[in-house]
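Participant: missing the sequence, but the structure's below:
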């Protein structure tokens, strides 16, 4: 069993996900991106007020 740079087992992740699993992961990823985008927008507004 190998380990990547962070000490996490490389073999712990499955190689083949079901369609439903891929959709769920993409939705979660999109939510994270939306939150990050909202944070960036808030920071821009804050900096513009200064």
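Facilitator: Alright, I've got the coordinates. Model, not experiment: these values are computed from the prediction.

Participant: centroid residue for the chain?
Facilitator: Central residue of the chain (Cα atoms, centre = their mean): residue 29, 4.6 Å from the mean position.

Participant: tell me which element that one falls in.
Facilitator: Secondary structure assigned from DSSP states H and E places residue 29 in helix 19-49.

Participant: elements contacting that helix?
Facilitator: Helices and strands touching helix 19-49, by 3 or more Cβ pairs under 8 Å, 6 or more residues apart in numbering; DSSP states H and E: there are none. All C-beta atoms are positioned from the backbone trio N, CA, C, and that covers glycine.

Participant: quick one: average confidence on that helix?
Facilitator: Helix 19-49 comes out with an average pLDDT of 97.

Participant: that one: how far from the chain's middle?
Facilitator: Its chain's average C-alpha position is 9 Å from that of helix 19-49, according to Cα atoms, centre = their mean, to the nearest Å.
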